[in-house]
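Undergrad: Sequence and predicted structure below; questions after.
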Amino acid sequence: MTARILSVHRSQRHTIAKPACEVIRLVPGAGVEGDAHFGATVMHRYDRQRDPERPNLRQVHLIQSELLEELSEKGFEVGAGQMGENISTAGIDVLALSRGTRLRLGAEALIEVTGTRNPCRLIDQATEAGVMAATLEKRADGTILRKTGVMAVILEGGVVRAGDAIAVEWTPAKYVPLEPV
């Protein structure tokens, strides 16, 4: 299967769920135009309180649709955009990518993966009780796998839409594990 974008989302307000859009515009160094997390410095409310001058490493949020299928198998009904993602993907395991991996989205946009999204209790409020816990998995080595997607910065801007291809354009020579940003 070719990796592709299933849906795109944005919200001008700081809400977990984001409505689907026909297209979103990615702006280099800032994020998704019209989204509450748009900006060169951190826009996440909790992180902004701690350090408002920190660079925004969370400019665009991707979740693989396979997580939604996994949640469905566990009895949860969670749709695309309900966990705050800007882009819902298919055919690419975004959680297995190395930090620094560059993805070409459609014909124009290029993003660089910075880390994972750390899920918060608000996910249960936007979906249903238990969803947040279902997105966490304890690995054999005792570390926690956070399945709520990856965050990235935008290197080259452009319009992206459902159906656009996703291509891995560059991967670091040495794998760097993803950590929450």
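TA: Everything's here; your move.

Undergrad: if I read this right, Val78 contacts Val131, doesn't it?
TA: Yes. Assessed by CB atoms under 8 Å, Val78 is found in contact with Val131 at 6.0 Å. Backbone N, C-alpha and C define where each C-beta goes, glycine included.

Undergrad: which residues are common contacts for those two?
TA: Taking CB atoms under 8 Å, 6 or more residues apart in numbering as the criterion, Val78 and Val131 both touch Leu71.

Undergrad: Tell me which stretches of the protein form helices.
TA: 45-50, 65-73, 122-126, 131-134 (DSSP state H).

Undergrad: Can you point out the buried residues in the helix or strand of the chain with the lowest mean pLDDT?
TA: Taking mean pLDDT, DSSP states H and E as the measure, the chain has helix 45-50 as its least confident helix or strand, at a mean of 80. Residues Asp47 are the ones in helix 45-50 that count as buried (16 or more other CB atoms under 10 Å).

Undergrad: can I get the CA coordinates of it in PDB?
TA: What follows is helix 45-50, C-alpha atoms only, in PDB (Å, rounded to 0.1, in the frame of the first residue of the first chain):
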ATOM      1  CA  ARG A  45      -1.300  25.800  26.400                       C
ATOM      2  CA  TYR A  46       0.500  23.700  29.100                       C
ATOM      3  CA  ASP A  47       3.900  24.000  27.400                       C
ATOM      4  CA  ARG A  48       3.500  27.700  26.800                       C
ATOM      5  CA  GLN A  49       2.900  28.400  30.500                       C
ATOM      6  CA  ARG A  50       6.200  26.600  31.300                       C
END
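
Undergrad: Can you redo the helices of the chain as JSON lines, where the extra columns are distance to Glu108?
TA: Converted to JSON lines, the helices of the chain look like this (distance: least, CB to CB, whole Å):
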{"stretch": "helix 45-50", "distance to Glu108": "28"}
{"stretch": "helix 65-73", "distance to Glu108": "22"}
{"stretch": "helix 122-126", "distance to Glu108": "30"}
{"stretch": "helix 131-134", "distance to Glu108": "33"}
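
Undergrad: Just give me the lowest mean pLDDT stretch among these.
TA: Here the lowest mean pLDDT among the helices of the chain goes to helix 45-50, at a mean of 80.

Undergrad: I appreciate the help and will end here.
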